[in-house]
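> fold the stuff below for me.
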Amino acid sequence: MIAGIIFDMDGVIVDTEYIDFQILTQFICSLTNGSVELSEEEASLLVGSSYIRLHKTIKHLSGTNLDLSTVASQLEKFSQARYDSLDYLSVFRSDILFILDYAKQQGIKLAVASSSSKQHIREIIEACGIAHYFDAIVSGEDFEESKPNPAIYQATLKRLNLTPDKAVAIEDSAYGIQAAQSAGITVIGYLETRFPVDQSKADYIESDMVGILSRIKRLEKEGLN
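Next up is the predicted model:
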């Protein structure tokens, strides 16, 4: 029986992972004056990680002499310029409401576990009108290491008062999938085909929320692995 569903946010609740990917590749290009071309494998390292890991990855891939705090502050300004004009409802995957409503009807607990800051998470889920559905919101900024470290998922399970065998996670990035699985949670991957991301370790992969809901109902009948 499934007693809890834990959602990543970027790339799952809202279709922002591809926007983030574009921002990050453009930012590295700006740091290097266009002299660095990322391989698919290198580009995949930019998706779904903690801020600290991301800043270190950008510094490594770009070869910049800037220190990490400067990389972080410049990236924040670069990203904010893009996000200031973004209407979150335009990237909201509204078919998630089928899952949220079903979960509430069935008494299934709901949570968000995202590497993003608490402020960013709250801003998005409130803009999308779904904040009231969630029993817990857990941010990667509260941990020394966020995804792929399983601590964020372990803490979310604790907040929901659930064991790993009673929950499923909805993830799209390799780091997120690894984090949830390391916490012992069954993972349903939200299919991404527009940029390189390794989703092969997910237990299941679905292309939309309707497919994910169907998978959840199937798992309720068949049982979690």
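
> list the buried ones in the helix or strand bottoming out on mean pLDDT in the chain?
Using mean pLDDT, DSSP states H and E, the weakest-scoring helix or strand in the chain turns out to be helix 40-44, at a mean of 75. For helix 40-44, the neighbour count (16 or more other C-beta atoms under 10 Å) marks 42-44 as buried. For every residue, glycine as well, the C-beta is placed using N, CA and C.

> so which of the residues you listed is the closest to Arg215?
Nearest to Arg215 among those is Ser44, at 24.3 Å by C-beta to C-beta.

> can you tell me the closest non-neighbouring residue to that closest one?
Excluding the flanking residues, the one nearest Ser44 by C-beta to C-beta, 6 or more residues apart in numbering is Pro196, at 4.5 Å.

> quick one: contacts for the one you found?
Neighbour list for Pro196: 40-41, 43-44 [criterion: C-beta atoms under 8 Å, 6 or more residues apart in numbering].

> redo the residues you listed as CSV? Include distance to Glu222.
As requested, the contacts of Pro196 are exported to CSV (distance: C-beta to C-beta, whole Å):
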residue, distance to Glu222
Glu40, 35
Glu41, 35
Ala43, 36
Ser44, 32
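
> now do the strands in the chain.
Assigned by DSSP state E, the chain shows strands spanning 4-7, 109-114, 136-139, 167-171, 186-190, 204-206.

> just name the most buried of the ones you listed.
strand 167-171 (a mean of 27; mean count of other C-beta atoms under 10 Å).

> in its sheet, what does it sit against?
Applying DSSP bridges, strand 167-171 is found paired with strand 4-7 (parallel), strand 186-190 (parallel).
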